[in-house]
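> mind folding the following:
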Amino acid sequence: MQPHKSLLVLAALALPTARVLAQQHGEMAMEMQPGADRMKVTVSSPADGSTITGDRVTLQVATAGYKNRCDLAGTPNQPGTGHFHMLLDKSLVNMYCTDRAAVSLERVKPGRHTLTVVPAQNDHAEVEKNATSLTIDYQPTHPHAAPKATAPAGMPSIKILSPKPGETVSRSFPVQIAVQGFTLTCDEMGKPDAPGRGHWHLNFDTMKGPMMGMMTMAAMSCERTVQASTAGLKPGSTHKVIALLADNTHAPLMPVVADSVAVTVK
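I've put the predicted structure just below:
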């Protein structure tokens, strides 16, 4: 294993435009919760320097010093809880809360690449000093040609079909969306941007703030239905559920393409 080098919060997402926006809006470093320095991650496989010939690589990850809970993502920080982020060549792929994390190598050039696992709080602030990195040598047996970067016809749009406005939700509840004029693909998360392609983010209450609004992000997905959770939300409280389209680098489309509904927590 190679110790993870220091990463700025926005640099860790590998978004040059994000750094510019952060500077323009005066964003500050995220606050670390009590005990954040005890949040650790280790990778037992693959071994550092492994050759990968398939179209994806699966990491065996162990966490320590906190409870690994994706159901609290996007809610206020709680000491002793969080999840972990996976980065490919310093670019955020996705968040995980299991001991196995699969990363697609679609649109990745053959050669050496760096995979980084880093503990993260509920608000996605990364405990950078406790990250773990390894290198892989990607030598695909069956190389895939990069898809043509052709945007779908029509203007991109997203609509929340469920829950309905004013609905009462509890525990785990589905958020179903409809998308037009945009191709959803999880395999390209963290890869170079392509016109009309990406995924969507599920946020609570706001899509503004540090890291391009990721502080309140509950999920990022290419599926049209994801399971949201009321964990970390007070019973009887009302919250806005927001669905917004994002490009491969997790930047919201500009102008923003989003939809929202207000729900009440049972």
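
> mind giving me the packing neighbours of the strand or helix carrying residue 42?
If you go by DSSP states H and E, residue 42 is part of strand 40-45. Contacts defined by 3 or more Cβ pairs under 8 Å, 6 or more residues apart in numbering; DSSP states H and E place strand 40-45 against strand 56-64, strand 111-120, strand 132-138. For every residue, glycine as well, the C-beta is placed using N, CA and C.

> with only the CA atoms kept, save the second one in CSV.
C-alpha atoms of strand 111-120 as CSV (Å, rounded to 0.1, in the frame of the first residue of the first chain):
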residue,chain,number,x,y,z
GLY,A,111,-1.8,1.4,-18.1
ARG,A,112,-1.1,2.3,-14.5
HIS,A,113,-3.9,4.0,-12.4
THR,A,114,-4.4,4.8,-8.8
LEU,A,115,-7.4,3.8,-6.7
THR,A,116,-8.0,5.6,-3.4
VAL,A,117,-10.3,4.8,-0.6
VAL,A,118,-11.0,7.6,1.9
PRO,A,119,-13.3,7.7,5.0
ALA,A,120,-16.0,10.4,4.7
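
> give me the element the residue nearest the centre of the chain is part of.
By Cα atoms, centre = their mean, the chain has its centre lying nearest to residue 94, at 3.7 Å. Secondary structure from DSSP H and E places residue 94 in strand 91-96.

> pLDDT value on the closest residue to residue 31 other than its chain neighbours, please?
Once flanking residues are discounted, residue 31 sits nearest to residue 125: 7.1 Å by Cβ to Cβ, 6 or more residues apart in numbering. Note for residue 125: predicted pLDDT of 96.

> which residues touch residue 125?
By Cβ atoms under 8 Å, 6 or more residues apart in numbering, residue 125 lies in contact with 9, 30, 31, 32, 210, 215.

> mind redoing it with 10 Å?
If you count contacts by Cβ atoms under 10 Å, 6 or more residues apart in numbering, residue 125 has them with 9, 29-33, 36, 77, 82, 119, 210-211, 214-215.
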